[in-house]
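1. Next input, structure requested:
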Amino acid sequence: MRYPIVTLLLILLGATSAPFGQPSQKEAREIIDKVDRLLRGDSSLGWVEMTVATRQWKRTTELRIWSEGTEKVLVRVEAPKKDQGTATLRVGDNIWNYLPKIDRVIRIPTSMMMASWMGSHFTNDDLVKDSRLIRDYDIKIDFEGTRDRVEVYEFFLTPRPEAPVVWGRIIYQIRKSDLMPISGKFYGEDGQLKRVANFSEYETMDGRLVPTRMRMSPEDKPGEYTEMKYKELDFDVKIPEKVFSLNSLRGS
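-> Numbers count the residues shown, from 1 in each chain. Below is the predicted model:
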């Protein structure tokens, strides 16, 4: 099944109504887990429009994305033609890039996890998602009330000791009415705000309410952003195992 201008970042925020009163600590963790899964998705095949805007230039790339669970992702550039075939494969903790112009597969080392992915404001770590929020962060509700005339919860996430994470803290703002994510603020270990993710254009797709756009903006580069918008997306598709292989990464 295909949908025009559907969602961003896959699915899995299945809740349709907010709990009564302020969530307990257990419920808070469950909500954040759903938001975390929203960014990962389940089995899916999507066509995505990614727009990257910097101070010097702006470009739009069309991507095809296959995903299976939280461990397997293949992303391939379909347009523009000059970048066609460029691809990224993630299996477990491993991530590779394929550069068709030099016909070379490059494995990304751990030291490069915070480097830009495909020239965007996302990082290799965003794709790998080596950490899970409910596993690696302590979660509490820091605010409950009105922000910009919308009733929200604000969840404050701080890393647990020895957790292998890159953020010093994260603040997620969630709509109370339907538990949809509104924004995520990511702070470094120095306590400084590093980037902001904003979710918008909520639509019902395949019986689930989801945000259809997400814009990531770096705090130290005013006016710059990367925006992801799904043009088509199929859910719960059967993806052959060979899709998540180095041969498939090369397009063979």
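
2. Check the protein for its longest helix and report it.
-> Assignment by DSSP state H gives helix 25-40 as the longest helix of the chain.

3. tell me the average confidence for the helix or strand that comes right after that one?
-> Using DSSP states H and E, the helix or strand that directly follows helix 25-40 along the chain is strand 44-53. Strand 44-53 comes out with an average pLDDT of 92.

4. Run me through the strand neighbours of strand 44-53, direction for each.
-> When sheet partners are counted by DSSP bridges, strand 44-53 sits next to strand 58-68 (antiparallel), strand 225-235 (antiparallel).

5. what's the next secondary structure element after the host helix or strand of residue 125?
-> Using DSSP H and E, residue 125 maps to helix 124-128. Counting by DSSP H and E, the element after helix 124-128 in chain order, helix or strand, is helix 133-136.

6. Name the single longest strand found in the chain.
-> strand 193-205 (DSSP state E).

7. Packing partners of that strand?
-> With contacts taken as 3 or more Cβ pairs under 8 Å, 6 or more residues apart in numbering; DSSP states H and E, strand 193-205 sits against strand 181-187, strand 208-218. C-beta here means a position set from N, CA and C on the backbone, and glycine is covered the same way.

8. so it versus strand 208-218, what angle?
-> Here strand 193-205 points in a direction 160 degrees away from that of strand 208-218 (axes from the mean of the first three to the mean of the last three Cα atoms, to 10 degrees).

9. ok, strand 193-205: who's next to it in the sheet?
-> Strand pairing (DSSP bridges) places strand 193-205 next to strand 181-187 (antiparallel), strand 208-218 (antiparallel).

10. Next, work out how far apart the nearest residue to residue 94 once chain neighbours are set aside and residue 58 are.
-> Take residue 94 and drop its neighbours on the chain: the residue closest to it by Cβ to Cβ, 6 or more residues apart in numbering is residue 107, 6.9 Å away. For residue 107, the distance to residue 58 (Cβ to Cβ, to the nearest Å) stands at 30 Å.

11. Check residue 147 too.
-> 30 Å.

12. Looking at those two, which is more packed in?
-> Between residue 147 and residue 58, counted using other Cβ atoms under 10 Å, the more crowded position is residue 147 (14 against 11).

13. Can you name the residues bridging to the more buried one?
-> Here residue 147, judged by DSSP bridges, has bridge partners residue 150.

14. I'd say it and residue 173 touch.
-> Yes: using Cβ atoms under 8 Å, residue 147 is in contact with residue 173, at 6.7 Å.

15. list the residues that contact both of the two?
-> 154, 182 (Cβ atoms under 8 Å, 6 or more residues apart in numbering).
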